[in-house]
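Enquirer: Have a look at this fold, sequence not included:
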């Protein structure tokens, strides 16, 4: 593979966490090449990838301008990218307390949003056995997380520092997918009615040119 690009991003066409990294790279105008692993061929568990990420999950990022430095875990990648390359602080903060708040939201996204949203999709759409109690549990977790975000965003425009940061961008893809999954599960579900501040924040994020581009790419790949 040519290393003409700044980064190589290992991702999957359906996996939200790889696209989450792409949002930030796009917003910072950093050049990258994406390698989409084929999960049906178990490429994410093969030796070529596990030498980069021993956990065998996407994403992983190689920084070719830093001696091919490799990093995995999506929110760790986001922090690395902004710490090293967001010199204008477009998506990061300078105040020490706000930095820890930013990290706080990334931890919440990684532990409180993504796992539960992913489990809802699994039990509602993929799992071979229908387990209504599991679907209900994880649906309620989505609504709980939406409620946390809505409560905060009803008082402020952005999560940290009164500006767009990687904290906000980290939630985009999972929220986008959850809205679709909930609508398919319950046609009467209305995020705008139940969580208006969250819905307005989502709309602002999805209207960003970088986000619009990435969401369109992902949607096109999912349809292939």
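Expert: Nice, I can see it. Not measured: the values here are computed from a predicted model.

Enquirer: buried ones in the longest helix anywhere in the chain?
Expert: Scanning the chain for the helix with the most residues, using DSSP state H, yields helix 132-153. Residues of helix 132-153 classed as buried by neighbour count (16 or more other C-beta atoms under 10 Å): 134, 135, 138, 139, 141, 142, 143, 145, 146, 149, 150, 153. All C-beta atoms are positioned from the backbone trio N, CA, C, and that covers glycine.

Enquirer: same for it, what does it pack against?
Expert: Identification of packing neighbours for helix 132-153 by 3 or more C-beta pairs under 8 Å, 6 or more residues apart in numbering; DSSP states H and E yields helix 114-121, helix 172-185, helix 191-194, helix 196-207.

Enquirer: can you redo those as a markdown table with mean pLDDT?
Expert: Shown next, in a markdown table, are those (pLDDT from 0 to 100):
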| stretch | mean pLDDT |
| --- | --- |
| helix 114-121 | 94 |
| helix 172-185 | 92 |
| helix 191-194 | 91 |
| helix 196-207 | 97 |
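
Enquirer: What helix or strand is residue 65 located in?
Expert: Using DSSP states H and E, residue 65 maps to neither a helix nor a strand.

Enquirer: isn't it right up against residue 8?
Expert: No. In this structure residue 65 lies outside contact range of residue 8 using C-beta atoms under 8 Å: 11.4 Å.

Enquirer: if you count what's nearby, which of these two comes out ahead?
Expert: Between residue 65 and residue 8, residue 8 has the larger neighbour count (other C-beta atoms under 10 Å), namely 20 against 14.

Enquirer: who's that one bridged to?
Expert: Judged by DSSP bridges, the bridge partners of residue 8 are residue 33, residue 62.
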